[in-house]
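1. Provided below for reference: sequence and predicted model.
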Amino acid sequence: RLEESGGDQVQPGASLKLKCVGTGWSWDYAIGWFRQAPGKEREGVSCSGSKDSAPLYTDSVKGRFTFSRDDATSTVYLQMDNLKPEDTGIYYCAIHRAGRVPSLSQCRPDDFYYWGQGTQVTVSS
């Protein structure tokens, strides 16, 4: 089971830190953050193939978002800085279907499962 938290309504330029807590999984698995804006398909925001893998980011968030994981507490974070209105959406975390994927090269939603319920992020002035 995965559970996301940390979403909020903020103004452009603000920061938020999302949290994803899981139970029953190896936190050396490939884990990803995804978002879905109203009327749009779910997209990959950031993911990591294993606890030793460098995180991947979609181009629109590079330099603003930071993926991290704390294996001791089975927690994954997404630090989001300089938020923009286009970052608005429901943010989800999920586990890769193949488990640990050190060679992971993209964050495709179809490759992930065991989705959490999501946390809403709204960026507006």
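-> Alright, I've got the coordinates. Residues are numbered from 1 along each chain as shown.

2. if I look at the most centrally placed residue in the chain, what pLDDT would I see?
-> With distances taken as CA atoms, centre = their mean, the residue of the chain nearest its centroid is Trp33 (1.8 Å). Listed pLDDT for Trp33 reads 97.

3. for it, grab phi and psi.
-> phi -110, psi 140 (degrees, to the nearest 10).

4. where's it relative to Ser125, distance?
-> Here the criterion is CB to CB, to the nearest Å. By it, Trp33 lies 24 Å from Ser125. In short, each C-beta sits where N, CA and C put it, glycine included.

5. what's the closest non-adjacent residue to Thr23?
-> Leaving aside its sequence neighbours, Thr23 sits nearest to Arg1 (CB to CB, 6 or more residues apart in numbering; 5.4 Å).

6. and for that neighbour, the neighbour number?
-> 10 (other CB atoms under 10 Å).

7. pull up the per-residue confidence for it.
-> At Arg1, pLDDT is 79.

8. for stretch 9-23, the distance to its chain's centre please.
-> Using CA atoms, centre = their mean, to the nearest Å, the mean C-alpha position of stretch 9-23 is found 10 Å from that of the whole chain.
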